[in-house]
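>>> sharing a sequence plus its predicted fold:
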Amino acid sequence: MKLLFLFVFFTTISSFASDSVIIEIGGIRHQCTPIENRNPSQCLLTAYNGPYSKDEAQELCENAHSDAPAFCGIEAYRGRFSKSESIALCKGASTKTGPVDCANLAYNGPFSTSESLTLCSHNGTKETAECALSAYNGPYSKEEAIAICKKSHFNKSKLLSQQELNNLIEKTNLKAFGRNEYK
């Protein structure tokens, strides 16, 4: 029995070390990502060795605790975002792909590039974009959906299936077309 307990204990501890941790503060659940114990200069080197100038790398990596902003910025710039947009999206990011995944998903829906950046900058996640799509599919405007989901502290553990997500994107795009609000 002790052996089983130790196995479960160490398995649980090791999974928390690399994944996000959910904590409860004042009755509200928060999802936290452990910060890697790296020197912020790694972020600067990664960004500078990528597409960014020294000044751009410094802006992107300001107050970075890991190289996540650099990887995020490189991924964003590799996709649909300009250098300045990728810096705005990824500055302060604690994950390597969260803000990019969020912005791409929001943009696939009715949200413009600017709206996607507002929603997802710094630490947006796929769940953040799903929240905004769902809110806009309901009674909320795009601006209200962004405001609600940018600051939301709900449990983000359940993601939609790909089919559900495709249906939601289609519904929100149709709503935006009908209101003449599509990008």
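Done, it's in. Numbering: from 1, shown residues only.
>>> helices of this protein, start to end?
According to DSSP state H, the chain carries its helices in the segments 2-18, 41-49, 54-61, 68-78, 83-90, 98-108, 113-120, 126-137, 142-150, 162-178.
>>> dump these into TSV; add mean pLDDT, mean neighbour count and distance to Glu24 as well.
All C-beta spots, glycine's among them, are computed from the backbone N, C-alpha and C. Putting these into TSV (pLDDT from 0 to 100; neighbours: other C-beta atoms under 10 Å; distance: least, C-beta to C-beta, whole Å) gives the following:
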stretch	mean pLDDT	mean neighbour count	distance to Glu24
helix 2-18	40	9	15
helix 41-49	94	19	31
helix 54-61	96	19	32
helix 68-78	97	25	25
helix 83-90	98	23	28
helix 98-108	97	25	21
helix 113-120	97	22	25
helix 126-137	95	23	18
helix 142-150	95	19	20
helix 162-178	95	14	28
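>>> a markdown table for those helices, including distance to Arg29?
Formatted as a markdown table, these follow (distance: least, C-beta to C-beta, whole Å):
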| stretch | distance to Arg29 |
| --- | --- |
| helix 2-18 | 15 |
| helix 41-49 | 29 |
| helix 54-61 | 30 |
| helix 68-78 | 22 |
| helix 83-90 | 25 |
| helix 98-108 | 18 |
| helix 113-120 | 21 |
| helix 126-137 | 13 |
| helix 142-150 | 16 |
| helix 162-178 | 22 |
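>>> close enough to count as contact, Gln58 and Leu44?
Yes. Gln58 lies in contact with Leu44 (C-beta atoms under 8 Å); the separation is 6.7 Å.
>>> pLDDT wise, what is His65 at?
Confidence per residue is given as pLDDT, and for His65 that number is 87.
>>> what's the answer for Gly27, then?
The predicted local confidence for Gly27 comes out at a pLDDT of 70.
>>> and stretch 127-144, how far out from the chain middle?
15 Å (C-alpha atoms, centre = their mean, to the nearest Å).
>>> neighbouring contacts of that stretch?
Taking C-beta atoms under 8 Å, 6 or more residues apart in numbering as the criterion, the residues outside stretch 127-144 that touch it are 101-103, 105-106, 109-111, 115-116, 119-120, 145-146, 148-150, 152, 154, 156, 159-160, 165, 168-169, 171-172, 175-176, 181.
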